[in-house]
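Enquirer: next one to model:
(one chain, ligands or ions: 1)
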Amino acid sequence: MFVNNDVSKQDMEERHIVQPHDPDHPVVLSTEDLHVYYGKSEALYEGDLKFAQNQITALIGPSGSGKSTFLRSLNRMNDRIATVTGKIMYRGVDVNQPDVDVYEMRRRIGMVFQRPNPFAKSIYDNIAFALRLRGVTAKKDLDEKVERSLRQAALWDQVKDELTKSALALSGGQAQRLCIARAIALRPDILLLDEPASALDPVSTSQLEDTLLKLKEHYTIIIVTHNMQQAARISEYTAFFNQGRVLEYDTTSHIFTNPRVQVTSDYVSGNFG
Ligand SMILES: Nc1ncnc2c1ncn2[C@@H]1O[C@H](COP(=O)(O)OP(=O)(O)OP(=O)(O)O)[C@@H](O)[C@H]1O
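Expert: The predicted structure is shown next:
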């Protein structure tokens, strides 16, 4: 009756995966036969997903279903804590190979975490820090890049007169946008966000969503969220995870208005568990 853990045979038979295929938004990242193990315990089974350029993809599903495990594998944040097998194809290169320069890869595939984690430095230096490490030292260049990043993260107008102030004095929503500015300062291609609004109030959450909608003009965004309305509001594609498997993947409108898998339907309508 049951295949691994509590995924029922019915869920597996109903499994419905529709990969994006839009010529205007080609696939930039895909996983093939991705499995993740914490010790001997398998946390992710066959995560095969494709991600479309300049689109937002939401990863949803109950707690412990493997969303963060999947997301963190994409730029190898799980390297030290898990065994990740399978391919992670980024623009034709399997970045899950041992000879890949992980540091450089993470410049292209950046991440923003659940809790805002600004450095104990000034607002300016939070962004300039990584730029300097990468050899940007001329003040004019740094100023330009700091401003561009803060503008894209919709924080510039609020902080432009206090760039030397400690980042630790920012509100939660501002601090999270600073972390986004920090991530985009290096001009990544893909932005991974792990529940970035979970610690924010509704106003800050709404501002963050507006920011993400603008950022998708420049970046491909993959976001883990527990907030169904948020997924519905901002994403073009949604993947539903359950018990370490992707049970349904489709356009967000399909997932929310016409889900094919019963457990997806139960989850998005709040009848789960
Ligand atoms: N560092 C770790 N060591 C061991 N097991 C882990 C670790 N991180 C996650 N797991 C396990 O892997 C499974 C998937 O967890 P994961 O955090 O990916 O789920 P999730 O869907 O993101 O959950 P949540 O929504 O609560 O963040 C769970 O059984 C979890 O206990």
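
Enquirer: hmm, who's touching stretch 163-180?
Expert: 112-113, 116-124, 126-127, 146, 150, 153-155, 158-159, 191, 196-197, 199-201, 203-205, 207-208, 211, 215 (Cβ atoms under 8 Å, 6 or more residues apart in numbering). Where you see a C-beta, it was placed from the backbone N, CA and C, and this is true even at glycine.

Enquirer: quick check, stretch 81-96 touching the ligand?
Expert: Yes. Judged by Cβ under 6 Å from any ligand atom, stretch 81-96 comes into contact with the ligand through residue 81.

Enquirer: geometric centre of the protein: which residue is closest?
Expert: Per Cα atoms, centre = their mean, the C-alpha nearest to the average position across the chain is that of residue 192, at 2.5 Å.

Enquirer: re the thing from before, from the contacts of stretch 163-180, which land in helices?
Expert: 123-124, 126-127, 146, 150, 158-159, 203-205, 207-208, 211, 215 (DSSP state H).

Enquirer: where exactly do the helices run in the stretch 1-150 of the chain?
Expert: 9-14, 67-74, 102-108, 123-133, 139-152 (DSSP state H, counting those that start in this stretch).

Enquirer: pull the contacting residues for the residue nearest to the centre of the chain.
Expert: Here residue 192 is in contact with 71, 72, 74, 75, 109, 110, 111, 112, 222, 223 (Cβ under 8 Å, 6+ apart).

Enquirer: how about stretch 183-197: buried residues?
Expert: 183-186, 188-197 (16 or more other Cβ atoms under 10 Å).

Enquirer: gap between it and the chain center?
Expert: 7 Å (Cα atoms, centre = their mean, to the nearest Å).

Enquirer: is that stretch up against the ligand anywhere?
Expert: No. Residues of stretch 183-197 contacting the ligand under Cβ under 6 Å from any ligand atom: none, with a closest distance of 6.9 Å.

Enquirer: just the buried members of the contacts of residue 192?
Expert: Buried, going by 16+ other Cβ under 10 Å: 71, 72, 74, 75, 109, 110, 111, 112, 222, 223, out of the contacts of residue 192.

Enquirer: what's the closest of those residues to residue 269?
Expert: Of all these, residue 223 has the smallest distance to residue 269: 20.9 Å, by Cβ to Cβ.

Enquirer: returning to what we had before: could you dump the buried residues of stretch 183-197 to JSON lines with pLDDT?
Expert: Converted to JSON lines, the buried residues of stretch 183-197 look like this (pLDDT from 0 to 100):
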{"residue": "183", "pLDDT": "93"}
{"residue": "184", "pLDDT": "93"}
{"residue": "185", "pLDDT": "94"}
{"residue": "186", "pLDDT": "91"}
{"residue": "188", "pLDDT": "95"}
{"residue": "189", "pLDDT": "96"}
{"residue": "190", "pLDDT": "98"}
{"residue": "191", "pLDDT": "97"}
{"residue": "192", "pLDDT": "97"}
{"residue": "193", "pLDDT": "96"}
{"residue": "194", "pLDDT": "95"}
{"residue": "195", "pLDDT": "93"}
{"residue": "196", "pLDDT": "90"}
{"residue": "197", "pLDDT": "90"}
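
Enquirer: quick check: residue 228 touching residue 58?
Expert: No. Applying Cβ atoms under 8 Å, one finds residue 228 not in contact with residue 58, separated by 9.2 Å.

Enquirer: which one's more surrounded, those two?
Expert: Taking other Cβ atoms under 10 Å, residue 228 and residue 58 do not tie; residue 58 has more neighbours (26 against 17).

Enquirer: distance of that one relative to residue 238?
Expert: 5 Å (Cβ to Cβ, to the nearest Å).

Enquirer: quick check: neighbours shared by the two?
Expert: Joint contacts of residue 58 and residue 238 (Cβ under 8 Å, 6+ apart) are 231, 252.

Enquirer: longest strand in this protein, please.
Expert: In the chain, assigned by DSSP state E, the strand with the most residues is strand 27-38.
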